[in-house]
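Asker: Take this sequence and fold it.
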Amino acid sequence: MAMFYGLPHMQGWIQEMASFVKSIDSNHLLTVAMEGFYGYSMPEKKAINPGYQVGTDFISNLLIKEIDFTTIHAYPDIWLSGKDDKHTDGFHAKMDDKPFDRLIDNNKEANYFSEFRKSSKDPRHSLSPRDSFLNAVYTNIYNFASGGIGCRLVWKIMAEGMQFYDDGYEIVQSQNHSTSGLITQQSNKMIALDHV
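Answerer: You can find the predicted model right below:
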């Protein structure tokens, strides 16, 4: 099997570090924050990746037995730079549920989209497509969570006066009322699941 761009080294490093941490504290939960790209272990799935030939091998890295739960980062507007919302949203929809079946089969049932957003620094940025994207992701979050798997965290909610941390992905709730409303609505739906 052909390997490329040092992926076997990354796989070995993750295994070594995970084993080391677990040897010190077996109760310490471990994950590896990833883009969620397919790699050499599943070459038939690489067409789903956003055109990169470098990065992580999501499935192999997270199937290491010492890794307790999965995390994915999703920034399709950066990965597909120059593409319109239809393309970036379509890519994210394909990405959204692709890895979970294989991981669930291997007892990795806690799955998190730990970062996702659209950048306000994109010259084509406007509030409506961002909220539409957020709503689509939140709908999938709810569907996954209803089945007992998954959670997602938006990157990042900030208070006013924290502009020096501005990377284009921030949400200042007092300045983004529609987005804040979506987050509140999603939070209430997720809380209700806890009582089902």
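Asker: Pick out the least confidently modelled helix or strand of the protein, by mean pLDDT.
Answerer: Each helix and strand of the chain was given a mean pLDDT (mean pLDDT, DSSP states H and E); the minimum falls on helix 100-105 at a mean of 54.
Asker: State the mean pLDDT of stretch 19-32.
Answerer: For stretch 19-32, mean pLDDT is 93.
Asker: And for stretch 8-16?
Answerer: Averaging pLDDT along stretch 8-16 gives 86.
Asker: repeat for stretch 137-156
Answerer: Stretch 137-156 comes out at a mean pLDDT of 72.
Asker: how long is that stretch end to end?
Answerer: Start-to-end span of stretch 137-156 (CA to CA, to the nearest Å) is 15 Å.
Asker: Identify the residues contacting stretch 128-135?
Answerer: 85, 88-89, 92, 117-118, 120, 154, 178-179, 182-183 (CB atoms under 8 Å, 6 or more residues apart in numbering). For the C-beta atoms, the positions are set from N, CA and C on the backbone; glycine is no exception.
Asker: how about the residues you listed in a markdown table, adding secondary structure, distance to V137 and neighbour count?
Answerer: Output for these, formatted as a markdown table (DSSP: H, G, I helix; E, B strand; the rest coil; distance: CB to CB, whole Å; neighbours: other CB atoms under 10 Å):
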| residue | secondary structure | distance to V137 | neighbour count |
| --- | --- | --- | --- |
| D85 | helix | 13 | 19 |
| T88 | helix | 12 | 24 |
| D89 | helix | 9 | 19 |
| H92 | helix | 7 | 23 |
| R117 | coil | 9 | 23 |
| K118 | coil | 10 | 25 |
| S120 | coil | 16 | 16 |
| V154 | coil | 8 | 21 |
| S178 | helix | 15 | 12 |
| T179 | helix | 12 | 19 |
| L182 | helix | 10 | 20 |
| I183 | helix | 11 | 16 |
